[in-house]
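A.B. asks: structure here, sequence nowhere to be found:
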């Protein structure tokens, strides 16, 4: 089987509400690049790049991407590299793509997703089997509130909990007083049956400020604090001075990043993505290094549509470290939407059938 052709599509989905965070206040999610790879045996594989211009690594280590940059990279660099080659050679194709162009992991992740889709269809196996096997058949959903006012955040948190959500993420890093009030009021409203985690997306101005604010939130029993600042040394200082577990996200893209996180003891948790390292193949390498360093994870993402979210679920099934509730959409087409909010960011999807959501979990 050989790769013969491709087509790209820029797709925009209607959003249930605006979803923003500290480093992305000017725009919302929902415009992604979809890739179809075709073969000489009539099979097609699908991939997705939920690329966002404002999303990247700390201190500009990894640059933002957009649907336009992803399309350009695929057309000019990545497809010519994989054309006429077997989609089953995922590892060698990654090596070839890395020689063709440095970085641009979201573009490579779209190709990787389509390669695994083709490999699964050709072999008749689910992708988690190709990644090493199924550690779990469902992934707990963490519902993300985004940057919101206190009353709106509490009301949405209550509705999500009523629909089975047991972990809620509060986006922080913009207005500490408001964010502390959200955490306080969520705990008061939801009791201790729902875990609350906070995510500043590098928004705190210093390690000292982060230590103080995380300490203030700790009285309300927060589960973890995600990426409070950008600098890894400052992250390590925070980790030494708070009792709340620290999670790295913007600092944890590649397996090489994990070496530095482990060496500096900057975090005991990471957010594992299909996209940040450049696809499922590289994500499993990140997971292996993290596991060796005693680090656990959730499955993070960029609020993917159904194609990318299916890849998220297979990564969640196959990665041993992915034990935490994950910010994954409960992807569904418009006809299957009946006012739900738990894990719902879009009012429609590319999927013909909804993903199976029940009791706070998405089934793989």
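C.D. replies: Received it, and whenever you're ready, just let me know what you need. The shown structure was predicted, so the numbers you read here are calculated from the model rather than taken from an experiment. Numbering: from 1, shown residues only.

A.B. asks: could you list the low-pLDDT ranges of the protein?
C.D. replies: Applying pLDDT under 70 to the chain flags the ranges 21-27.

A.B. asks: contact partners for the most centrally placed residue in it?
C.D. replies: In the chain, the residue lying closest to the centroid (Cα atoms, centre = their mean) is residue 301, at 1.4 Å. Counting by Cβ atoms under 8 Å, 6 or more residues apart in numbering, residue 301 makes contact with 50, 273-275, 308-309, 312, 326-328. C-beta: built from backbone N, CA, C; applies to glycine.

A.B. asks: distance of it relative to residue 224?
C.D. replies: Distance of residue 301 to residue 224, computed by Cβ to Cβ, to the nearest Å: 17 Å.

A.B. asks: and of the contacts of residue 301, the nearest to residue 5?
C.D. replies: residue 308 (21.4 Å; Cβ to Cβ).

A.B. asks: quick check: phi and psi at the closest one.
C.D. replies: The phi/psi pair for residue 308 (degrees, to the nearest 10) reads phi -60, psi -30.

A.B. asks: next: residue 312.
C.D. replies: In terms of degrees, to the nearest 10, the main-chain angles of residue 312 are phi -60, psi -50.

A.B. asks: now it: how far from residue 109?
C.D. replies: 11 Å.

A.B. asks: shared neighbours of these two, anything?
C.D. replies: Jointly contacting residue 312 and residue 109 under the rule Cβ under 8 Å, 6+ apart are residue 274.

A.B. asks: one step back: in the contacts of residue 301, find the pair that's most separated.
C.D. replies: Greatest spatial distance in those: 50 and 326, 14.7 Å, computed using Cβ to Cβ.

A.B. asks: show me the strands in the stretch 251-364 of the chain, by range?
C.D. replies: Per DSSP state E, counting those that start in this stretch, the stretch 251-364 of the chain carries strands over the ranges 269-272, 296-299, 357-358, 361-363.

A.B. asks: deepest of the ones you listed, which one?
C.D. replies: Among the strands of the stretch 251-364 of the chain, strand 269-272 has the highest mean neighbour count (mean count of other Cβ atoms under 10 Å), at a mean of 27.

A.B. asks: for it, which helices and strands make contact with it?
C.D. replies: Judged by 3 or more Cβ pairs under 8 Å, 6 or more residues apart in numbering; DSSP states H and E, the packing partners of strand 269-272 are strand 246-248, helix 280-292, strand 296-299.

A.B. asks: just how off-centre is it within its chain?
C.D. replies: Mean-position distance between strand 269-272 and its chain equals 9 Å (Cα atoms, centre = their mean, to the nearest Å).

A.B. asks: max-length helix in this structure?
C.D. replies: Ranked by residue count, the top helix of the chain under DSSP state H comes out as helix 105-123.

A.B. asks: quick one: that helix to helix 280-292, angle?
C.D. replies: For helix 105-123 against helix 280-292, the angle by axes from the mean of the first three to the mean of the last three Cα atoms, to 10 degrees is 100 degrees.

A.B. asks: give me the next element, helix or strand, following helix 105-123.
C.D. replies: Note on helix 105-123: by DSSP states H and E, the next helix or strand toward the C-terminus is helix 127-130.

A.B. asks: immediately after that following helix, which helix or strand?
C.D. replies: With secondary structure assigned by DSSP H and E, helix 127-130 is succeeded by strand 138-140.

A.B. asks: in its sheet, what does that following strand sit against?
C.D. replies: If you go by DSSP bridges, strand 138-140 pairs up with strand 361-363 (antiparallel).

A.B. asks: show residues contacting the partner strand.
C.D. replies: The contact list for strand 361-363 (Cβ under 8 Å, 6+ apart) reads 137-141, 164, 313, 328, 330, 343, 355-357.
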